[in-house]
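K.L.:
Sequence and predicted structure below; questions after.
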Amino acid sequence: MSVAPNAEGYADVVARIARAAQGAGRDPRDVTLVAVSKQQPWDAIAPVLAAGQKVFGENRVQEAEARWAGKADGLTLHLIGPLQTNKAKEAVAFFDVIESLDREKLARVLAEEVQKQGRSPRIYVQVNTGEEPQKAGITPSDADAFIAACRTSFGLQPEGLMCIPPAEEPPGPHFALLRTIAERNGLSKLSMGMSGDFETAIRFGATSVRVGSAVFGART
């Protein structure tokens, strides 16, 4: 895999984020690009890293540990995939942001690990805006109560929400729903938008977008 296409893809995504933000009357600096490095070989990641990208997203704890151990100084690593409770200890120790909190059992275990380790990753609650049975995430109707339980029962302070809209539906209404839930719960961060819809997400208020293939190219 050549270096140049990855660097060019990264530059193109950065420029598109800036244009989308400006078009929405927002400061591009208020939108963080989370470059989704899951399953990517290091020779695909290296040119993006060299170009200045500092925030990366991973789906699995062990894969991320193998990829980034000894290389993560100065970077911010997001766990964006589903988290099993038996991996919570490693996730709290390794990641700066955990975006996929979606059930009380996991909230309890994360809270316990935060206390034990004295390390507190930033937390997002994942909302299943399409209520798809195959996807993780709390349902929209349960989101308010779950966020309140995170705060009062478990001592966690989520800073934002994350969603993955159904692939076959227009993403805008899902992004609007996520923003509404965040606003009424006093949450300032919205992780929404991927390679195919991140510009739409920015128009709806995304503060971070999770972009993989548009940065790195399609995985082979």
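P.N.:
Thanks, I have it.

K.L.:
pLDDT below threshold where in this protein?
P.N.:
In the predicted model, the chain carries pLDDT under 70 at residues 1-6, 219-220.

K.L.:
how about 90 then?
P.N.:
1-7, 217-220 (pLDDT under 90).

K.L.:
Strands of this structure, residue ranges please.
P.N.:
32-36, 55-58, 76-79, 97-101, 122-126, 160-162, 189-191, 208-211 (DSSP state E).

K.L.:
From the rest of the structure, what touches the fourth one?
P.N.:
Going back to what we said before, that points to strand 97-101. With Cβ atoms under 8 Å, 6 or more residues apart in numbering as the test, strand 97-101 has contacts from 57, 76-83, 91-92, 107, 110, 121-126, 136, 150, 156, 158, 162, 191. Every C-beta, even on glycine, is put in place using the N, C-alpha and C of the backbone.

K.L.:
next one: the third one
P.N.:
With contact meaning Cβ under 8 Å, 6+ apart, strand 76-79 is reached by 34, 54-59, 61, 64, 68, 91, 94-100, 191, 208, 210.

K.L.:
Mind giving me the ChimeraX select for those, buried ones only?
P.N.:
Of these, the buried ones can be selected in ChimeraX as follows, counting by 16 or more other Cβ atoms under 10 Å:
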select :34,55,56,57,58,59,61,64,68,91,94,95,97,98,99,100,191,208,210
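
K.L.:
Would you list the phi and psi of the nearest residue to Lys38 once chain neighbours are set aside?
P.N.:
For Lys38, ignoring the flanking residues on the chain, the nearest one in space by Cβ to Cβ, 6 or more residues apart in numbering is Asn59 at 4.3 Å. The phi/psi pair for Asn59 (degrees, to the nearest 10) reads phi -90, psi -30.

K.L.:
Quick check: Asn59 touching Ile80?
P.N.:
Yes. Applying Cβ atoms under 8 Å as the test, Asn59 and Ile80 come out as touching, 6.3 Å apart.

K.L.:
Off-centre distance for stretch 43-51?
P.N.:
20 Å (Cα atoms, centre = their mean, to the nearest Å).

K.L.:
Dump it to PDB, restricted to CA.
P.N.:
Coordinates of each C-alpha in stretch 43-51 appear next as PDB, following Å, rounded to 0.1, in the frame of the first residue of the first chain:
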ATOM      1  CA  ASP A  43       1.800   1.200   6.800                       C
ATOM      2  CA  ALA A  44      -1.600   2.700   6.200                       C
ATOM      3  CA  ILE A  45      -1.700   4.500   9.600                       C
ATOM      4  CA  ALA A  46       1.900   5.800   9.500                       C
ATOM      5  CA  PRO A  47       1.400   8.500   6.800                       C
ATOM      6  CA  VAL A  48      -1.800   9.700   8.500                       C
ATOM      7  CA  LEU A  49       0.000   9.900  11.800                       C
ATOM      8  CA  ALA A  50       2.900  11.700  10.100                       C
ATOM      9  CA  ALA A  51       0.500  14.200   8.600                       C
END
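
K.L.:
Understood, closing this out.
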